[in-house]
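> Following is a predicted model, sequence given first.
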Amino acid sequence: MVYFKYTLISIAAAVLLSACQKPHLLRDWQSSADISVIEQNDYMRRNFLPVQIDTPLVLVKTASLDGTPVNYICYAGGQFLLAAQNGLIYSVSAADIDDNADIQTADGISAPPAFMNNKFYIAAEKGKSALIIYDFDSRKAQPVEGFAYSIASPVVWQEKIIFASLDGSLICLNSNTLEQEWKSELDGKIISSPAFDGRQLYVITQNGILRSYSLDEGEVVWSRNLNENFKISPLITDDALYIAGFSGSLYKIDKNKGDILQKIDLGKPVHTALSTDGEKILAVTPDAVLRLYDSSLKNLFWQQKLDAPVMVPAVITNNMVIAGTAQKSFFLLDLENGSILQELKLKGRQASMPIIHKDRLVMGMEYEKLIEFQVKK
């Protein structure tokens, strides 16, 4: 049986990490199928795990943490990395799942950290600094002053850090000098993480200003006001951008020009991120209905109503849709037809999207828990 060890990492500058192995972090955010990363290294915001798994899932173990995990868990260099809402950060390696410590790092974290070059880039919504950089090599933390708080994950690419703040500022820093390279002010709060396809950056404000930037100079490539409220990040495929709003509108947009290619009405507001495998688009509404469309949004493959609203973004794998609900249910659906392949009753609500590595599925739960399943692949 494989176990996992949780070593709490403090990002306080004076704290040594003698119990934590330094992870070798993956540089390529579109890596092979072995990469078990959701948001942190997938700036296209796809919520896709390129693995095929079989039912049934078998519960292996539940561990107690000292904080409820944020939405995403990252895998890098043989370790799972996750942040808790109260500012604790965990590193997970092969050992005993029950070991953990209790060291405060920040007053509040909503967005998962970004990872690049053996560093954490952490956006905070409370505390002394809104941006904190933790270096695994030097074992030092560096607060970056002068920014408004953020609930959006930074984008870190090559030598640039993109930081989106609640006051509507989009800021690009040089990752080596931490000097500002460019800044753009949007007329609205930014409450979702920017998306990036390796060439252009896409940002949407809460009040519906959708804008594309060149990463190097911060030039506006195009801008469009969708005139409604949004909570979720844009989702990027090879040829388009997708976004859904509080009105229930689901948009397909030309990512190079900003033209609206298709718009459909889901009938309910969308608060939960979209998901895709690159060819199909999954939308989730608060009435507990999941809908899977083709990339044109003209054809509905299936819809499935679950027992309660979905708690965190649903994940698409090569053959399944994975979703947990407010009724403490955890569903595995057939990607082809939406039928329920397995339903599990848990002791808490899902708090983070699942991560799959080798023969294990791990996810965060409410009540400060981490849960681990054995999977067939």
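The structure has been received and is ready for your questions.
> pLDDT weak spots in the stretch 1-150 of the chain?
1-41, 76-78, 92-106, 136-137, 139 (pLDDT under 70).
> Determine the longest strand present in this structure.
Longest strand of the chain, by residue count under DSSP state E: strand 54-64.
> Quick check: buried residues in it?
By 16 or more other C-beta atoms under 10 Å, the buried positions in strand 54-64 come out as 57, 60, 61, 62, 63. (C-beta placed from N, C-alpha, C; glycine too.)
> Equivalent analysis for stretch 120-135, please.
For stretch 120-135, the neighbour count (16+ other C-beta under 10 Å) marks 120-125, 127, 129-134 as buried.
> what residues does it touch?
Here stretch 120-135 makes contact (C-beta atoms under 8 Å, 6 or more residues apart in numbering) with 9, 11, 81, 83, 87, 89, 105-111, 113-115, 118-119, 136, 140-145, 147-154, 156, 161, 163, 165-166.
> Just the buried subset of the residues you listed, written out for PyMOL, thanks.
The PyMOL command for the buried members of the contacts of stretch 120-135 (criterion: 16+ other C-beta under 10 Å) is given here:
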select buried, resi 9+11+81+83+87+89+105+106+109+110+111+113+114+115+118+119+136+141+143+144+147+148+149+150+151+152+153+154+156+161+163+165+166
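> before we move on, back to that, name the strands paired with the longest strand of the chain and say parallel or antiparallel.
Here strand 54-64 has these sheet partners by DSSP bridges: strand 369-376 (antiparallel).
> ok, so of the buried residues of strand 54-64, who is nearest residue 278?
Closest approach to residue 278 among those (C-beta to C-beta): residue 57, at 24.7 Å.
> one step back: what about the buried residues of stretch 120-135, which are in strands?
Under the assignment DSSP E, the buried residues of stretch 120-135 contribute 120, 121, 122, 123, 131, 132, 133, 134 to strands.
> How about the fifth one: what's its closest non-neighbour residue?
If you skip the residues right next to it in sequence, residue 131 has residue 144 as its closest partner in space, 4.1 Å away by C-beta to C-beta, 6 or more residues apart in numbering.
> so the one you found makes contact with residue 178?
Yes. Assessed by C-beta atoms under 8 Å, residue 144 is found in contact with residue 178 at 5.9 Å.
> So what's the residue count around the residue nearest to residue 307 when sequence neighbours are not counted?
Leaving aside its chain neighbours, residue 307 sits nearest to residue 327 (4.8 Å; criterion: C-beta to C-beta, 6+ apart). When neighbours are defined as other C-beta atoms under 10 Å, residue 327 has 15 of them.
> ok now the helix or strand containing residue 330, how far from the chain's centre?
Secondary-structure assignment from DSSP states H and E places residue 330 in strand 329-334. Mean C-alpha position of strand 329-334 versus that of the full chain (C-alpha atoms, centre = their mean, to the nearest Å) differs by 20 Å.
> contacting residues around whatever helix or strand comes next after that strand?
Next helix or strand after strand 329-334 toward the C-terminus (DSSP H and E): strand 340-345. Strand 340-345 has contacts (C-beta under 8 Å, 6+ apart) with 55-57, 59, 304, 320, 328-334.
> Pull out the buried residues from strand 340-345.
341, 344.
> Parallel or antiparallel, list what pairs with that strand.
Counting by DSSP bridges, the strands paired with strand 340-345 are strand 329-334 (antiparallel).
> tell me which residues in the partner strand are buried?
329, 330, 331, 332, 333.
> Average pLDDT for it, rounded please.
Averaged over strand 329-334, pLDDT sits at 98.
> would you put the C-alpha positions of that strand in CSV?
Extracted C-alpha coordinates of strand 329-334, given in CSV (Å, rounded to 0.1, in the frame of the first residue of the first chain):
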residue,chain,number,x,y,z
SER,A,329,-22.0,12.7,-2.6
PHE,A,330,-19.2,12.0,-5.0
PHE,A,331,-20.1,11.0,-8.6
LEU,A,332,-18.2,9.4,-11.5
LEU,A,333,-20.1,9.9,-14.7
ASP,A,334,-19.5,8.3,-18.1
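> contacts for that strand?
Residues from elsewhere that reach strand 329-334, judged by C-beta under 8 Å, 6+ apart: 55, 57, 290, 304, 306-308, 319-325, 339-346, 350.
> List the contacts of stretch 357-366.
2, 4, 34, 36, 53, 57, 60, 62, 65, 68-70, 73, 75, 80, 82, 92, 324, 346-355, 370-377.
> Please convert the buried residues of strand 329-334 to JSON lines, extending it with distance to residue 251.
Output for the buried residues of strand 329-334, formatted as JSON lines (distance: C-beta to C-beta, whole Å):
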{"residue": "329", "distance to residue 251": "30"}
{"residue": "330", "distance to residue 251": "30"}
{"residue": "331", "distance to residue 251": "27"}
{"residue": "332", "distance to residue 251": "29"}
{"residue": "333", "distance to residue 251": "24"}
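> Out of these, the closest to residue 256 would be?
Nearest to residue 256 out of these is residue 333 (C-beta to C-beta; 33.0 Å).
> From residue 317, how far off is the closest one?
Distance, residue 333 to residue 317, using C-beta to C-beta, to the nearest Å: 10 Å.
> repeat for residue 75
Taken as C-beta to C-beta, the span from residue 75 to residue 317 is 15 Å.
> Any of the contacts of stretch 357-366 buried? List them.
Using 16+ other C-beta under 10 Å, the buried ones in these are 4, 36, 53, 57, 60, 62, 65, 68-70, 73, 75, 80, 82, 92, 324, 346, 348-355, 370-373, 375.
> give me the low-pLDDT residue ranges for the stretch 151-300 of the chain?
Within the stretch 151-300 of the chain, not a single segment meets pLDDT under 70.
> Do a quick rundown of the helices in it.
Using DSSP state H, counting those that start in this stretch, no helices are found in the stretch 151-300 of the chain.
> is the closest residue to residue 161 other than its chain neighbours in a bridge, and if so with what?
Nearest-residue entry for residue 161: residue 173, 4.4 Å, with adjacent residues in sequence omitted and distances by C-beta to C-beta, 6+ apart. For residue 173, the beta-bridge partners under DSSP bridges are residue 161, residue 180.
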